[in-house]
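Peer 1: below are the sequence and a predicted model; questions follow.
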Amino acid sequence: MTSIDTLRAFFGWGTIVSVGVYLVTVLILLLFRSTAWRINARLFGIREEDVALASFQYVGNFKLASTMLFFVPYVALRIMG
């Protein structure tokens, strides 16, 4: 197995794992929204409305980071051959 094949496998599996973590996070936030917001508000000492905004920003940043760190390199390596 060449180094390009190894990198392609790494970024492919990284994409799969990050999409899985993303989906689990979104499902937890959708199904247990009020509980998650209440726990985080108490934990960090902020209002529940602020937790809602922080959760939205977290999900968006995670999606962007996963795309840039795993999916884009995977696609680039697939194009290379």
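Peer 2: Noted; the coordinates are in hand.
Peer 1: who's in contact with the closest residue to Val26 other than its chain neighbours?
Peer 2: Spatially, and ignoring its direct neighbours in sequence, Val26 is nearest to Val59 (6.3 Å; Cβ to Cβ, 6 or more residues apart in numbering). From N, CA and C alone the C-beta is placed, and that goes for glycine too. Residues in contact with Val59 (Cβ atoms under 8 Å, 6 or more residues apart in numbering) are Tyr22, Thr25, Val26, Leu29.
Peer 1: measure the first one to Gly12 for me?
Peer 2: Distance of Tyr22 to Gly12, given as Cβ to Cβ, to the nearest Å: 16 Å.
Peer 1: the third one now?
Peer 2: Going from Val26 to Gly12 by Cβ to Cβ gives 22 Å.
Peer 1: in the protein, where is pLDDT below threshold?
Peer 2: For the chain, applying pLDDT under 70 flags the ranges 1.
Peer 1: number of nearby residues for Ile79?
Peer 2: When neighbours are defined as other Cβ atoms under 10 Å, Ile79 has 7 of them.
Peer 1: ok, Tyr74 next?
Peer 2: With other Cβ under 10 Å as criterion, Tyr74 counts 20.
Peer 1: next one: Phe44
Peer 2: 10.
Peer 1: which residue comes closest to it once chain neighbours are left out?
Peer 2: Per Cβ to Cβ, 6+ apart, closest to Phe44 is Val51, 7.6 Å.
Peer 1: tell me the contacts of the one you found?
Peer 2: Val51 sits in contact with Ala36, Trp37, Asn40, Ala41, Phe44, where contact means Cβ under 8 Å, 6+ apart.
Peer 1: go with 10 Å
Peer 2: Arg33, Ala36, Trp37, Arg38, Ile39, Asn40, Ala41, Arg42, Leu43, Phe44 (Cβ atoms under 10 Å, 6 or more residues apart in numbering).
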